[in-house]
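Novice: I would like to see how this sequence folds:
(one chain, ligands or ions: 1)
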Amino acid sequence: MVTRMFRCDTCGANESEKRLVSESFLIDGKPVLVEGIPARACLRCGETVFSRGTTKKIRRTVHGHAQPRRSVQVDVFEYA
Ligand SMILES: [Zn+2]
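Specialist: Predicted coordinates for the structure are as follows:
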């Protein structure tokens, strides 16, 4: 598989490292957390980027019939 050269959308740096990250998503108004997502992290600013395939798989996972591994309660604050 050919991996596209990394270019950070935020700062334009080309250097990145592979990292597993957790990211929360809002699905139909309900927050879900996905852990262990393979991402590329910019070495300069720390911005993490998911590949298109990874994004697709996340979407399939949270919208599909997969059972969550565990549930946590989330406190929601509004910046007002
Ligand atoms: Zn960057």
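Novice: now the spatially most central residue of the chain: how far from M5?
Specialist: With distances taken as Cα atoms, centre = their mean, E23 lies nearest the centre of the chain, 4.6 Å away. Separation of E23 from M5 (Cβ to Cβ, to the nearest Å): 23 Å. C-beta coordinates here come from the backbone N, C-alpha and C atoms, glycine included.
Novice: residue contacts, the residue nearest to A13 when sequence neighbours are not counted?
Specialist: Distances taken as Cβ to Cβ, 6 or more residues apart in numbering place R44 nearest to A13, at 4.0 Å, with adjacent residues excluded. Residues touching R44, when contacts are defined by Cβ atoms under 8 Å, 6 or more residues apart in numbering, comprise 8, 11, 13, 15.
Novice: give me phi/psi at the third one?
Specialist: This points to A13. Torsion angles at A13 (phi, psi; degrees, to the nearest 10) stand at phi -70, psi 150.
Novice: Use 7 as the first number from now on
Specialist: In the new numbering, first residue 7, that becomes A19.
Novice: Could you count how many residues lie near it?
Specialist: The criterion is other Cβ atoms under 10 Å. On that basis, A19 has 14 neighbouring residues.
Novice: can you check P44 too?
Specialist: The burial metric for P44, expressed as a neighbour count using other Cβ under 10 Å, is 13.
Novice: Who does it form a beta bridge with?
Specialist: L26 (DSSP bridges).
Novice: Let me see the ranges of the helices in the protein.
Specialist: Per DSSP state H, the chain has helices spanning 58-69. These are given in chain order.
Novice: about what we covered before: so which of the contacts of R50 comes closest to V80?
Specialist: Proximity of those to V80, judged by Cβ to Cβ, is greatest for C14, which lies at 28.8 Å.
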